[in-house]
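Visitor: Sequence and predicted structure are below.
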Amino acid sequence: MLPYGVAFTEDAARARDSLSADRREVLERGLAILVTDPRHKLSHPVRGDEATRGIALSRNLFIEYVISDGKLVVLVLTVIDLTDVLIED
């Protein structure tokens, strides 16, 4: 099977473009895995739809994406910044 192409929604692209170099590398590494296996065992369906999925790429990066027509479209890229937290463990 050929790898899936990757596309980003405008909001997800803005979040991607604002990432630091190290977080961008994590994103790219995660996407490299997902384009060959978009239904990775660690991903899970969201919104009751098998084609729309979510996965934590790291402790700080989470994506929601849809698989459609040979493309993996990143809908949402969530960056979790734990620098300032209300309650520490």
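Guide: Structure received. Predicted, not measured: the structure shown is a model, and the values here were computed from it. Numbers count the residues shown, from 1 in each chain.
Visitor: from here on, contacts and neighbour counts on C-alpha atoms
Guide: Fine.
Visitor: show me what contacts the residue most central in space within the chain?
Guide: Nearest to the mean C-alpha position of the chain, counting by Cα atoms, centre = their mean, stands I63 at 2.8 Å. I63 makes contacts with 54-57, 74-78, as judged by Cα atoms under 8 Å, 6 or more residues apart in numbering.
Visitor: Nearest to L86 among those residues?
Guide: Distance to L86 across the contacts of I63 (Cα to Cα) is lowest for T78, with 18.9 Å.
Visitor: Determine the longest helix present in this protein.
Guide: Among the segments of the chain that qualify as a helix by DSSP state H, the longest is helix 21-34.
Visitor: Let's test this: mean pLDDT of it, rounded?
Guide: Across helix 21-34, pLDDT averages out at 96.
Visitor: Columns neighbour count and distance to D89 on top of the contacts of I63, output as CSV?
Guide: Below are the contacts of I63 laid out as CSV (neighbours: other Cα atoms under 10 Å; distance: Cα to Cα, whole Å):
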residue, neighbour count, distance to D89
G54, 22, 26
I55, 20, 24
A56, 16, 21
L57, 19, 23
V74, 23, 32
L75, 20, 31
V76, 20, 28
L77, 22, 26
T78, 15, 22
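Visitor: From these, which land in strands?
Guide: 54-56, 74-78 (DSSP state E).
Visitor: Any chance of a markdown table for those residues, columns pLDDT?
Guide: Conversion of these to a markdown table gives the following (pLDDT from 0 to 100):
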| residue | pLDDT |
| --- | --- |
| G54 | 97 |
| I55 | 97 |
| A56 | 97 |
| V74 | 98 |
| L75 | 97 |
| V76 | 97 |
| L77 | 98 |
| T78 | 96 |
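Visitor: Closest to R47 out of those residues?
Guide: Nearest to R47 among these, with distances taken as Cα to Cα, is G54, at 9.9 Å.
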